[in-house]
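S.K.: here is the input, now give the coordinates:
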Amino acid sequence: MTSWAADSASHDEDSDLVGRAARGDRAAFEKLYRRHRDRVYGLLWRLAGGDAALAEDLLQEAFVRAFSSIKRFQGK
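M.R.: Here you go, the predicted model:
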């Protein structure tokens, strides 16, 4: 599978997981969290100037907000 095809398949699966999470499937949201937490943490760690505790707090806040608003997500 090419890198483009792998990225496309991953995007399709993420779209499916978002739809399921929006309908109340907590396992789907957990899978999204597990799939993306390391990348999001890395970004937040850099933005927090290497402060791991702050990055963890921001990561938790980001995913709590995502979970609470996922029903309004339009994929844009």
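S.K.: hey, which helix or strand in the chain has the poorest pLDDT?
M.R.: Using mean pLDDT, DSSP states H and E, the weakest-scoring helix or strand in the chain turns out to be helix 3-22, at a mean of 80.
S.K.: for that one, packing partners?
M.R.: Here helix 3-22 touches helix 26-47, going by 3 or more CB pairs under 8 Å, 6 or more residues apart in numbering; DSSP states H and E. Yep, even glycine has a C-beta here, placed from its N, CA and C like the rest.
S.K.: hmm, who's touching the helix it packs on?
M.R.: 14, 16-18, 20-21, 51-52, 54-56, 58-59, 62-63, 67, 70 (CB atoms under 8 Å, 6 or more residues apart in numbering).
S.K.: quick check: next helix or strand after that helix?
M.R.: helix 52-69 (DSSP states H and E).
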